[in-house]
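>>> Sequence and predicted structure, then a few things I'm wondering about:
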Amino acid sequence: MFDLLIVLGLLLAAIVMFAIGRPRMDAVALLMMVMLPLSGIITVEQALAGFADPNIILIAALFVVGEALVRTGVAKSLGDWLVTRSGSSEARLIVLLMIVVAGAGSFMSSTGVVAIFVPIVLRIARNARIPAGRLMMPLSVAALLSGMMTLVATAPNLVIHAELQRHGLPGFGFFDFTPFGIPLLVLAVAYMLGARRFLGGESALAATSGRPTLGDFVERYGLEGREYRFLVESGSPLIGRALNEFNLRGSTGINVIAIERTKVFTRELLRPYAQFRLEAGDVVMIDMCRPDIDLDELERLYKFHRLPLAAPYFGDRSQEIGMAEVLLSPDSDLVGKTVVTSGFRTEHDLSVVGIRRAREVLDGLVADVVLRAGDTLLVIGPWRAIDYLPVHSDDLIVLNTPVEVEDVVPQASRAPYAVAILALTVFLLATGFVPNVLAALIGCLLFGLTRCIDMNSAYESIHWKTLVLIVGMLPFSIALEAVGATDIAAQWLLSVVSSGSLTLVLVMLFVVTAVLGLFISNTATAVLMAPIAIAMAQALGVSPYPLAMTVALAASAAFITPVSSPVNMLVVGPGNYRFGDFVRIGIPLTLIVLVVTVLLVPVILPF
């Protein structure tokens, strides 16, 4: 009995510290990892056993997978697709947002997904004039629901899976959660469409940061309508010859911004240096500086075929092509020269597409303007060349870069490889050809081999705090079983539902898990409730899977308070939410999840 009181006392102390937030959660877990073996209830080896748990390695590997998807722009592409498809319809935006976030969160950290989508959603809200608070809550709800989609979607699923394996059971399959997650997502989407009018108002963060956008530069310098894309057809006189042989900028006013060339699985964007040689099938992206040029004559002369534009002034290639305003310093060697005679593009790998002098944008052919000290030049070209300017150019002072620079991903060209590796990893996880942890590690190695992520970024992507929290709380499962606490808790819960109805058992298990999750993290909740659910199943003589699944779904249903999950905390500020907003929206939604869980679990996972 004394050992039981010690374990329960330590557990209560941990819950109180989790609830008040002091010390931080991983520190509490480390403290418990030390106190439990000191009490003599478990051994040091048992306290440290979590570090050898394959599921801990699996969770760490999944953080790396998520970071690779971010660095290659796969995650951002989902956001761009969302912007394109939703238009200005708030209802359509909410539906697509929740579907995309839930889908992405099925294969990477839900916290990471929200971190990626918060700035995207703020930008969408600003452009569509929709209060940010109407979108941030659907974002967090969808991220939490993503934990109900697959085995690897959230840490509580893996914790419960590991507990089943510790009891000698096979554990859950990769898609065992999906039959519950999909109907819950559909209901949650419908619920959020109806509840959005009760959400918070516009956030202060939704206001513009004061930095210009690429669109602002286009408007300020009158670039709209000057952009064209031409396909180089067979027989073009440009094929196989260096660009500087034709002096396109001086003779016709054509400023070649970039060249698209088809590569394996993708179209690569190439810089147009002086000795660059075009090939048939290349797509030339140009800025037409001279308004009086005859486009039909240009197409006939160079055997070009005009292609449609996907976005104004090459906005669809903002991952590769950037803009910046730069100031010409008084002692610059460029003063007294034109852009062409100074060899500006050769020197800086950037093209000048606009010039502002004394707050006035100069009209006419940019290439003919003799530069003066104090001129402001609008340059366009690769982001890496723009980043290079402040460090390696004394002639130019960078004044402004657009907000889009914050969205640039470092390995965008590796995105096709990332998608293929993700598909292979998911296939291995779903089919079980190799153990889950090996499947994730294979994916990590392939991401590294294809340069989707480097070693430093991989280590930095791992949320060590989360891993320490899980490892530190796992000994409680062993300690609670060692002193018989799980059996006592299971018997108590069964006595509460004295009728013995299995439906009431599921209801009680869900409610206890959800209530516990109001005060501590859903991961710690899963660590504590998983052994109790298995003990209840053994006492009832039924399969443990329905009860374990109920705990998993309840642990992910952390909708009611902002402190229930890091996902909720991330949207509080951007959505301008109060504590009561989560309570008002979260309680009905939790009840919906409870009803669906109780109805579906016995059907899909029979007792």
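Good, I have the coordinates. Residues are numbered from 1 along each chain as shown.

>>> ok, Thr111 touching Ala558?
No. Between Thr111 and Ala558 there is no contact under CB atoms under 8 Å: 11.8 Å. Backbone N, C-alpha and C define where each C-beta goes, glycine included.

>>> Now do the buried residues in the helix ranked longest in the chain.
Across the chain, the longest stretch assigned as helix under DSSP state H is helix 579-604. Residues of helix 579-604 classed as buried under the neighbour-count rule (16 or more other CB atoms under 10 Å) are 581-582, 585-586, 589-590, 592-594, 596-598, 600-601.

>>> Which two among those residues are spaced furthest apart?
Pairwise distances across these (CB to CB) peak at 29.6 Å, for the pair Asp581 and Val601.

>>> hmm, back to that, so can I have a markdown table of the buried residues of helix 579-604 showing distance to Glu224?
Shown next, in a markdown table, are the buried residues of helix 579-604 (distance: CB to CB, whole Å):
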| residue | distance to Glu224 |
| --- | --- |
| Asp581 | 41 |
| Phe582 | 44 |
| Ile585 | 42 |
| Gly586 | 46 |
| Leu589 | 45 |
| Thr590 | 49 |
| Ile592 | 48 |
| Val593 | 49 |
| Leu594 | 54 |
| Val596 | 50 |
| Thr597 | 53 |
| Val598 | 57 |
| Leu600 | 53 |
| Val601 | 57 |
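
>>> tell me the mean pLDDT over the helix or strand where Trp81 lies?
Assigned by DSSP states H and E, Trp81 belongs to helix 74-86. Average pLDDT, helix 74-86: 72.

>>> And it, what does it pack against?
helix 54-71, helix 90-105, helix 110-128, helix 415-431 (3 or more CB pairs under 8 Å, 6 or more residues apart in numbering; DSSP states H and E).

>>> what's the closest of those to Gly171?
Among the helices and strands packed on helix 74-86, helix 54-71 sits nearest to Gly171 (CB to CB), with 9.3 Å.

>>> now the closest one, how far from the centre of its chain.
Mean-position distance between helix 54-71 and its chain equals 13 Å (CA atoms, centre = their mean, to the nearest Å).

>>> which secondary structure elements does that helix contact?
By 3+ CB pairs under 8 Å, 6+ apart, helix 54-71 packs against helix 74-86, helix 110-128, helix 155-166, helix 415-431, helix 436-449, helix 455-461, helix 464-482.

>>> Just after the helix or strand of the chain with the lowest mean pLDDT, pick out the following helix or strand.
Ranked by mean pLDDT, DSSP states H and E, the weakest helix or strand in the chain is helix 248-252, scoring a mean of 64. Remark: after helix 248-252, the chain's next helix or strand is strand 254-263, criterion DSSP H and E.

>>> Compute the inter-axis angle for whichever helix or strand comes after that next one and helix 415-431.
Remark: after strand 254-263, the chain's next helix or strand is strand 266-270, criterion DSSP H and E. Interaxial angle of strand 266-270 relative to helix 415-431 (axes from the mean of the first three to the mean of the last three CA atoms, to 10 degrees): 150 degrees.

>>> For strand 266-270, buried residues please.
269-270.

>>> so what's Ala479 up against?
Neighbour list for Ala479: 7, 10, 36, 41-42, 485 [criterion: CB atoms under 8 Å, 6 or more residues apart in numbering].

>>> who wins for neighbours among those residues?
Leu36 (24 neighbours; other CB atoms under 10 Å).

>>> That residue contacts Ser477, doesn't it?
No. Counting by CB under 8 Å, Leu36 does not reach Ser477; the two are 10.8 Å apart.

>>> Let me see the contact set for Thr154.
110, 146-147, 522, 555-556.

>>> mind running it again at 7 Å?
110, 147, 556 (CB atoms under 7 Å, 6 or more residues apart in numbering).

>>> For the spatially closest residue to the last one that is not a sequence neighbour, list the residues it contacts.
Distance criterion CB to CB, 6 or more residues apart in numbering; nearest residue to Ser556, sequence neighbours excluded, is Gly147 at 3.8 Å. Each residue near Gly147 by CB under 7 Å, 6+ apart is listed here: 110, 153-154, 156-157, 556.

>>> repeat that with 6 Å
Shown in contact with Gly147 (CB atoms under 6 Å, 6 or more residues apart in numbering): 110, 153-154, 556.

>>> one step back: out of the helices and strands packed on helix 54-71, nearest to Pro402?
Proximity to Pro402 (CB to CB) singles out helix 110-128 among the helices and strands packed on helix 54-71, at 12.1 Å.

>>> Next secondary structure element downstream of that closest one?
helix 133-146.

>>> who touches that next one?
With CB under 6 Å, 6+ apart, helix 133-146 has contacts from 94, 97-98, 101-102, 105-106, 110, 113-114, 117, 121, 125, 153, 184-185, 188, 192, 196, 199-201, 556, 558, 567-568, 571, 574-576, 585.

>>> just to revisit the earlier point, and among the helices and strands packed on helix 74-86, the most buried is which?
Mean neighbour count, computed with mean count of other CB atoms under 10 Å, is highest for helix 54-71 among the helices and strands packed on helix 74-86, reaching a mean of 24.

>>> need the helices for the stretch 201-350 of the chain, in chain order.
Secondary structure of the stretch 201-350 of the chain, counting by DSSP state H, counting those that start in this stretch: helices at 214-220, 248-252, 295-302, 344-348.

>>> just the CA coordinates of the first one, formatted as CSV?
Output in CSV follows, covering the C-alpha atoms of helix 214-220 (Å, rounded to 0.1, in the frame of the first residue of the first chain):
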residue,chain,number,x,y,z
LEU,A,214,6.1,41.1,-55.1
GLY,A,215,2.8,42.5,-56.3
ASP,A,216,3.6,45.8,-54.7
PHE,A,217,6.8,46.0,-56.7
VAL,A,218,5.0,45.1,-59.9
GLU,A,219,2.5,47.8,-59.4
ARG,A,220,5.0,50.5,-58.2
